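Trainee: take this sequence and fold it.
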Amino acid sequence: MAYLSIGQLARRSGVKVTTIRYYETIGLLEEPERTESGQRIFTDSDVQRLSFIRHTRDLGFPVEDVRALVSLQADAEKDCASVDRIARHQLGAVRRRLTKLEALEAELKRMIAACEGGTVASCSVLAALGDHDDCLVGEHEGAELMAVPPSKRS
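Mentor: Predicted coordinates for the structure are as follows:
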């Protein structure tokens, strides 16, 4: 059996080393074996499990749901009703976020359309941003949790 270092595991799974250590800390990954010098060593099964975790996180599953899915995955003979329930719950959460994002999009379009140019002192976009009561749609509250950070924008 070939062993992998944490760096090799990171490259093969596409997960940063710091994230791997975090997943170990919170119990999503089992404590790995170590060499005599204390270096973590991993196997192909760790790559598969970490890839599974990464994909579930990419799909937006919260850590507790990922933990449940990892646990359920370990029992191949178990009924998959629990897995289905978790996936359906996540789909509902995604749909709720989409609704908020659509409201956010509508509000931003309205603000931009109201802009007539001019100076910052008379900017209707800044005025709307300064007073939430001017918004026509309230469902975009909380959408900041879904915003793309400036460093990730293309």
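Trainee: from now on I want contacts and neighbour counts done on CA atoms only, so please keep to that.
Mentor: Will do.
Trainee: run a quick neighbour tally on the residue nearest to Val15 when sequence neighbours are not counted.
Mentor: In this structure, Val15 finds its nearest non-sequential neighbour in Arg54, 7.1 Å apart by CA to CA, 6 or more residues apart in numbering. The burial metric for Arg54, expressed as a neighbour count using other CA atoms under 10 Å, is 18.
Trainee: isn't Arg54 right up against Thr19?
Mentor: No. Because the distance of 9.9 Å does not satisfy CA atoms under 8 Å, Arg54 is recorded as not touching Thr19.
Trainee: Ser37 and Val125, how far apart?
Mentor: As judged by CA to CA, to the nearest Å, Ser37 and Val125 stand 60 Å apart.
Trainee: the two - which one has more neighbours?
Mentor: A direct count of neighbours by other CA under 10 Å for Ser37 and Val125 places Val125 higher, at 18 against 6.
Trainee: okay, and that one sits in which element?
Mentor: When secondary structure is defined by DSSP states H and E, Val125 falls within helix 124-130.
Trainee: kindly report the same for Arg97.
Mentor: Applying DSSP H and E as the criterion places Arg97 in helix 81-114.
Trainee: mind checking how far that helix is from the chain centre?
Mentor: Averaging C-alpha coordinates over helix 81-114 and over its chain gives two centres that are 14 Å apart (CA atoms, centre = their mean, to the nearest Å).
Trainee: next, the buried residues of that helix.
Mentor: Val83, Ile86, Ala87, Gln90, Arg97, Lys100, Leu101, Ala103, Leu104, Glu107, Leu108, Met111 (16 or more other CA atoms under 10 Å).
Trainee: tell me the mean pLDDT for it?
Mentor: Here helix 81-114 scores 93 as its mean pLDDT.
Trainee: now swap in stretch 131-146 and tell me
Mentor: Averaged across stretch 131-146, pLDDT comes to 61.
Trainee: show me what contacts the most centrally placed residue in the chain?
Mentor: Centrality entry for the chain: nearest residue to the mean C-alpha point is Gly60, 4.2 Å, by CA atoms, centre = their mean. Listed by CA atoms under 8 Å, 6 or more residues apart in numbering, the contact partners of Gly60 are Gln90.
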